[in-house]
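Engineer: build me a model:
(2 chains)
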Amino acid sequence: GAGVSQTPSNKVTEKGKYVELRCDPISGHTALYWYRQSLGQGPEFLIYFQGTGAADDSGLPNDRFFAVRPEGSVSTLKIQRTERGDSAVYLCASSHRGEETAFFGQGTRLTVV
Amino acid sequence: AQTVTQSQPEMSVQEAETVTLSCTYDTSESDYYLFWYKQPPSRQMILVIRQEAYKQQNATENRFSVNFQKAAKSFSLKISDSQLGDAAMYFCAYRTYHTGANSKLTFGKGITLSVRP
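Structural biologist: Numbering: from 1, shown residues only, chains lettered A, B, ... in the order given. From the prediction side, this is the model:
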């Protein structure tokens, strides 16, 4: 696609529910990143994929968070047993391997009530 | 670990005037990239300008330029001839130079820029 696409744009869920957030990177980009942006803060790194594998998941806050990228393109961030503290904007970015500039999607605003 | 500090939470500028946004960072690496991203209410992070640490010349993109002081670990953004469309949050970000490693971005807290008509 022309840019990084994230769906849904907004998601409201009840505490304790499971949610999936989708990221469709720019075609041909092998590197994919997930970030979380809390209100009034800068984005914080969650996980990095190079191809299909998670090369660095050190930013995932706990085992309720998991992400996959089975075919090396679309990625899904999965959050189990959501908590109110998970409310944030989740941003996805992609780049060619070795290129310094990452391109971002418009994010998914997750609200846990 | 690298850190990025943006100590000004908000700034305001008159339309057509010039404004400078400050950023400092801390790293033990000698080669790296620095970025300024703009985030309007649409939430999408838009790249404004990029600086390679090994380049002494300050980067420039139209009305946007940086003052990169490597020894002082300072990376400020100057916006000339400010326009109403420049109003947004601006984030300073750091990335390692080594492409084989995780090329994640480390962001500052951001600064909210308002432009007065």
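
Engineer: without its sequence neighbours, what residue ends up closest to residue 53?
Structural biologist: By default, I'm working from chain A. The shortest distance from residue A:53 to any non-neighbouring residue, by CB to CB, 6 or more residues apart in numbering or on different chains, is to residue A:69 (7.9 Å). C-betas here are computed from N, CA, C, even on glycine.

Engineer: meant chain B actually
Structural biologist: Nearest one to residue B:53, counting by CB to CB, 6+ apart, is residue B:32 at 4.8 Å.

Engineer: and for residue A:23?
Structural biologist: Here the residue nearest residue A:23, using CB to CB, 6+ apart, is residue A:92, at 3.4 Å.

Engineer: residues near that neighbour, how many?
Structural biologist: A count of nearby residues for residue A:92, using other CB atoms under 10 Å in any protein chain shown, gives 27.

Engineer: kindly report the same for the one 5 residues further on.
Structural biologist: Applying the criterion other CB under 10 Å, we find 12 residues in the vicinity of residue A:97.

Engineer: helix, strand or coil for it?
Structural biologist: On the three-state scheme (DSSP: H, G, I helix; E, B strand; the rest coil), residue A:97 is labelled coil.

Engineer: and stretch A:6-16, how far out from the chain's middle?
Structural biologist: Averaging C-alpha positions (CA atoms, centre = their mean, to the nearest Å) puts stretch A:6-16 13 Å from its chain's average.

Engineer: so what touches it?
Structural biologist: Residues outside stretch A:6-16 that contact it (CB atoms under 8 Å, 6 or more residues apart in numbering or on different chains) are A:19, A:21-24, A:81-84, A:90-92, A:105-113.

Engineer: buried stuff in that stretch?
Structural biologist: A:6, A:11, A:13 (16 or more other CB atoms under 10 Å in any protein chain shown).

Engineer: ok, residue B:18 touching residue B:83?
Structural biologist: No: contact criterion CB atoms under 8 Å: residue B:18 and residue B:83 do not qualify, at 11.8 Å.

Engineer: could you say which helix or strand holds residue 67?
Structural biologist: Since no chain was named, I'll use chain A. Here residue A:67, judged by DSSP states H and E, is contained in strand A:65-68.

Engineer: was after chain B, sorry
Structural biologist: Using DSSP H and E, residue B:67 sits in strand B:64-69.

Engineer: so the next helix or strand after that strand versus strand B:64-69, what angle?
Structural biologist: Downstream of strand B:64-69, the first helix or strand assigned by DSSP H and E is strand B:74-79. Interaxial angle, strand B:74-79 versus strand B:64-69 (axes from the mean of the first three to the mean of the last three CA atoms, to 10 degrees): 160 degrees.

Engineer: who does strand B:74-79 touch, helix- and strand-wise?
Structural biologist: Secondary structure elements in contact with strand B:74-79, counted by 3 or more CB pairs under 8 Å, 6 or more residues apart in numbering or on different chains; DSSP states H and E, are strand B:19-21, strand B:24-26, strand B:32-39, strand B:46-52, strand B:64-69, strand B:88-96.

Engineer: contact partners of that strand?
Structural biologist: B:13, B:18-25, B:34, B:36, B:48-49, B:51, B:63-69, B:86, B:90, B:92, B:113.

Engineer: buried residues in that strand?
Structural biologist: So, applying 16+ other CB under 10 Å, buried residues of strand B:74-79: B:75, B:76, B:77, B:78, B:79.

Engineer: check contacts around residue B:8.
Structural biologist: Residues in contact with residue B:8 (CB under 8 Å, 6+ apart) are B:21, B:22, B:111.

Engineer: next one: residue A:100
Structural biologist: So residue A:100 contacts B:33, B:50, B:52, B:95, B:99, B:103 (CB under 8 Å, 6+ apart).

Engineer: I'm done for today, thanks for sticking with me.
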